[in-house]
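Asker: Please work out how this folds:
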Amino acid sequence: MAKRKSTPSKVRKNPPAAVPRDQVSAKAALEGAKISSLEKRSEGASGAYSNSAIAMMPPGQSVPISKHEQALGVKIARAMLAGPRHITKDATVAEMGADGRLTILRQGTNHWICFPGDENQIGNPPMCADPMGLQWMMDNLTQKPRPTNAAPGIIYMLCGATQHSNTDPFDRTSPAIPIGPHWMILWPFNAKQCGLPNTVRDAGAWVMFDGTPYAYLHICGSPWVGNVYDEKNPGDQVPIWTMEYGPRSEL
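Answerer: Predicted structure coming up:
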């Protein structure tokens, strides 16, 4: 059976009306900041998503006029690589200050917020959060006794991350621990009750911060890795297509 592929989604060229004028030209910067070879990778080390890697311009691509446009384009590109494209293309992109306040870089049209992070700071990776995931993150940032999200939240960190601890949600001083691409279901999980491990692994799922109010399900890798099979013919084990996190095109 022939493999089917879908066309890659593109960043909107026309910014929403709510975006300030000085950010409009950053759309061109974002288009220039994307690298075709980078987008074809399904997973990779966080260094592949560094500012210097994303800022490289493909041959024939015009360079944004100002340093501000270049920096803004790189930040938006980093943020959009953190989650699924059908989410990030319409998400709000923002930076978070040390006090938890948000600075909007691009106004979106869905309820997701993506952050470019800072590759020079431990625990500040590119990420994309839904409202409940953002609430959980804010609670952790302000070190509330327990998270206050009223429903499970989701955060994608498909560029990988670094953090100080896998056991203490409030550790801000320990050396960096590198973590590969992953996504998180932010709801109380208990490793023993779920039959899951609570130690670091690079594939599958495990419970981070087990035994604390901030315990959550940590799922390694991309949700799109694997084969897709025909639901109408469950006995047919020939995949319809192979899914991966990256651009796809129709045959």
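
Asker: buried set for stretch 108-126?
Answerer: By neighbour count with 16 or more other C-beta atoms under 10 Å, stretch 108-126 contains the buried residues 108, 112-119, 122-126. C-betas here are computed from N, CA, C, even on glycine.

Asker: Narrow the residues you listed to those in strands?
Answerer: Applying DSSP state E to the buried residues of stretch 108-126, the entries found in strands are Ile113, Cys114, Phe115.

Asker: Now do the same contact list for the second one.
Answerer: Contacts here follow C-beta atoms under 8 Å, 6 or more residues apart in numbering; on that basis Cys114 touches 79-80, 82-83, 88, 91-94, 126-129.

Asker: hmm, try it at 10 Å
Answerer: The contact partners of Cys114, by C-beta atoms under 10 Å, 6 or more residues apart in numbering, come to 76, 78-83, 87-88, 91-94, 105-106, 108, 126-129, 156.

Asker: Same check on the first one?
Answerer: Contact criterion C-beta under 10 Å, 6+ apart gives 79, 91-94, 96, 102, 104, 127-131, 133-134, 137 as the residues in contact with Ile113.

Asker: tell me the strands in this structure, going along the chain?
Answerer: According to DSSP E, the chain carries its strands in the segments 92-96, 102-106, 113-115, 127-129, 153-157, 161-163, 177-179, 182-186, 205-208, 216-220, 226-228, 241-243.

Asker: Report the beta-bridge partners for Ala161.
Answerer: Ile179 (DSSP bridges).

Asker: scratch that, Ile219
Answerer: When assigned by DSSP bridges, Ile219 has beta-bridge partners Trp183, Ala205.

Asker: quick one: it and Gly180 touch, right?
Answerer: No - assessed by C-beta atoms under 10 Å, Ile219 is found out of contact with Gly180, at 11.1 Å.

Asker: intersection of neighbour lists for these two?
Answerer: In contact with both Ile219 and Gly180: Ala203, using C-beta under 10 Å, 6+ apart.

Asker: Low-confidence stretches in the protein?
Answerer: 1-65, 230, 233-251 (pLDDT under 70).

Asker: what about the helices in it?
Answerer: For the chain, the helices defined by DSSP state H occupy 21-24, 26-33, 36-39, 51-55, 67-80, 85-88, 131-141, 191-194.

Asker: For Asp171, which of the strands of the chain is the nearest?
Answerer: Proximity to Asp171 (C-beta to C-beta) singles out strand 161-163 among those, at 8.2 Å.

Asker: What is the closest one packed up against?
Answerer: Applying 3 or more C-beta pairs under 10 Å, 6 or more residues apart in numbering; DSSP states H and E, we find strand 161-163 packed against strand 177-179.

Asker: which residues sit against the strand it packs on?
Answerer: So strand 177-179 is in contact with 45-46, 122-123, 125, 157, 160-166, 171, 200, 202, 208, 218, 220, going by C-beta under 10 Å, 6+ apart.

Asker: how close does Met96 sit to Lys192?
Answerer: 34 Å (C-beta to C-beta, to the nearest Å).

Asker: Thank you kindly, that will do.
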